[in-house]
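>>> I need the structure of the sequence given here:
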Amino acid sequence: MSNPVSALQGAAYDGYVKVEELGLRGMITVRGNLASTKLKNAVKAATGAAMPKQRQISIADEGAVAWMSPDELLLLVSYDKVNEVIAAFEEAMAGQHFLAVNVSDARAMFRLSGDKVREVIAKISPVDMAQDEFNTGDFRRTRMAQIPAAFWMADEQTVEIICFRSVADYAYGLLKDAAEPGGEIGIFG
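From the prediction side, this is the model:
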């Protein structure tokens with residue numbers, strides 16, 4: 001039996017913003033009626049986090065939950081707990097229409113850190129990164145250059161990004177290029 005490894009095995013780059021591949025992370029796509037009390041309770045039990053508002057992420061000690069679309073969430077949990085989280089979720093949702101799928105090995109995660117993270121994202125994504133438009137807890141499912149991606153601000157100097165594992169190398173190269181020293185544009189003070 002093989003051991004699971006992340007897409008880029010912890011690759012990191014120190015530019016004017018630090019770029020890091022975050023390794024293995026448990027991710028569960030959930031589809032269902034987001035207004036359902038049963039679903040809200042199952043999400044809270046699985047992650048410790050409350051149901052997020054539209055285009056938000058809710059983070060707790062045990063995990064996080066991100067709003068992906070009007071009927072879809074992404075649960076972020078410990079990689080080694082995914083199967084037990086799905087089993088508990090299925091039990092909690094008994095009798096209600098829903099879908100919960102382990103997508104952990106189909107995704108890659110990155111972290112940008114530094115005081116110019118907004119600028120790096122603004123270079124490669126069509127999201128308004130101005131401080132009065134995008135803040136801690138805001139979540140966007142969008143594009144980074146040629147690939148689909150989702151990201152959020154964990155704090156004022158940290159952005160976390162999810163993309164498909166199959167394009168992780170492209171995403172890493174894109175992020176490195178955008179964070180290359182000398183490429184600063186200074187648009188966010």
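>>> Return the distance of the spatially most central residue of the chain relative to residue 142.
Nearest residue to the geometric centre of the chain (Cα atoms, centre = their mean): residue 162, 4.4 Å. Counting by Cβ to Cβ, to the nearest Å, the separation of residue 162 from residue 142 is 11 Å. (Each C-beta comes from the backbone N, C-alpha and C, glycine too.)
>>> and if you look at residue 111?
17 Å.
>>> Those two: which has the busier surroundings?
residue 111 (17 against 13; other Cβ atoms under 10 Å).
>>> quick one: the helices in this structure?
37-47, 82-92, 117-124, 168-178 (DSSP state H).
>>> Which parts of this protein belong to which domain?
Domain ranges of the chain: 12-23+106-178, 26-105, per automatic domain parsing.
>>> Quick check: end-to-end length of stretch 110-125?
In stretch 110-125, first residue to last residue: 15 Å (Cα to Cα, to the nearest Å).
>>> avg pLDDT for that stretch?
In this model, stretch 110-125 has a mean pLDDT of 97.
>>> tell me which residues in that stretch are buried?
110-112, 114, 116-125 (16 or more other Cβ atoms under 10 Å).
>>> got it, and stretch 145-158?
Those would be 149-154, 158, for stretch 145-158 by 16+ other Cβ under 10 Å.
>>> again, but for stretch 10-28
Result for stretch 10-28 [16+ other Cβ under 10 Å]: buried residues 13, 15-22, 24-28.
>>> remind me, longest strand of this structure?
strand 147-155 (DSSP state E).
>>> Apart from its neighbours in sequence, what residue is nearest residue 70?
Leaving aside its chain neighbours, residue 70 sits nearest to residue 34 (6.9 Å; criterion: Cβ to Cβ, 6 or more residues apart in numbering).
>>> likewise residue 63?
Residue 63's closest residue in space is residue 47 (Cβ to Cβ, 6+ apart), at 3.5 Å.
>>> Now do the contacts for that neighbour.
58, 60, 62-65, 75-77 (Cβ atoms under 8 Å, 6 or more residues apart in numbering).
>>> Give me the buried subset of the residues you listed.
Buried, going by 16+ other Cβ under 10 Å: 58, 62-65, 75-77, out of the contacts of residue 47.
>>> So which of those residues are in strands?
58, 64-65, 75-77.
>>> Quickly name whichever of these is closest to residue 177.
Top of the list for closeness to residue 177, among those and by Cβ to Cβ, is residue 76 at 26.7 Å.
>>> beta partners for that closest one?
residue 27, residue 64 (DSSP bridges).
>>> Quick check, it in contact with residue 29.
No - if you go by Cβ atoms under 8 Å, residue 76 and residue 29 don't touch, sitting 11.0 Å apart.
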